[in-house]
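Trainee: what shape does this take:
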Amino acid sequence: MAPLCPLLLALALVAIPGVRGACPAAADLKNPDGTRTCAKVYDKSDPYYENCCQGAELSIEPGTDLPFLPSDWRNVISSLVVAPRCELTVWSRRGKGGKSHKFTAGVYPRLEEYRRGILGHWSNAIASIYCRCY
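Mentor: Numbering: from 1, shown residues only. This is a model prediction of the structure:
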């Protein structure tokens, strides 16, 4: 039984980073006409991954630069997905002020898990965005 424990622990640790819950896969981010979408952001996350990426959804096209997010999206983003070969830069204050963070291609179901400074996190803290694809 003892040799089995390290194996089970290793399998559990490998499985955790791939958790994406209800979030779409990064490679699936496309518009209905087949054109590329840079990222999608959501206003709901949850301690349970299967309940993340729910609620209102905002699609962000490549090259989108929003130093002032619309008021109904400012400081409410709690889950996001970034398409392959794209990068989403976010700021904690309007006008691209405050702390910043770059999210590369992937699924981020719980922004509470990404630190913003010593005491904060990125959930409900995004006020400006810029999305680019290469």
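
Trainee: in the protein, what secondary structure element scores lowest on mean pLDDT?
Mentor: helix 4-15 (a mean of 37; mean pLDDT, DSSP states H and E).

Trainee: and the next helix or strand after that one, how far from the chain's centre?
Mentor: The C-terminal neighbour of helix 4-15 among helices and strands, as given by DSSP states H and E, is strand 39-44. Mean C-alpha position of strand 39-44 versus that of the full chain (C-alpha atoms, centre = their mean, to the nearest Å) differs by 7 Å.

Trainee: strand partners of strand 39-44, parallel vs antiparallel please.
Mentor: strand 54-60 (antiparallel), strand 79-93 (antiparallel) (DSSP bridges).

Trainee: most tightly surrounded among the ones you listed?
Mentor: strand 79-93 (a mean of 22; mean count of other C-beta atoms under 10 Å). Placement of C-beta: from N, CA and C, glycine included.

Trainee: okay, it in CSV with CA atoms only?
Mentor: Provided in CSV are the C-alpha atoms of strand 79-93 (Å, rounded to 0.1, in the frame of the first residue of the first chain):
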residue,chain,number,x,y,z
SER,A,79,-13.1,34.0,-14.5
LEU,A,80,-11.4,34.2,-17.9
VAL,A,81,-10.2,32.2,-20.8
VAL,A,82,-7.4,33.4,-23.2
ALA,A,83,-7.1,31.9,-26.7
PRO,A,84,-3.9,30.2,-28.0
ARG,A,85,-1.2,32.7,-29.1
CYS,A,86,-3.0,35.5,-27.3
GLU,A,87,-2.2,37.5,-24.2
LEU,A,88,-4.6,39.5,-22.0
THR,A,89,-3.1,42.3,-19.9
VAL,A,90,-5.2,43.6,-17.0
TRP,A,91,-4.9,46.5,-14.6
SER,A,92,-6.5,47.1,-11.2
ARG,A,93,-7.4,50.7,-11.9
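
Trainee: continuing past that strand, what's the next helix or strand?
Mentor: strand 97-108.
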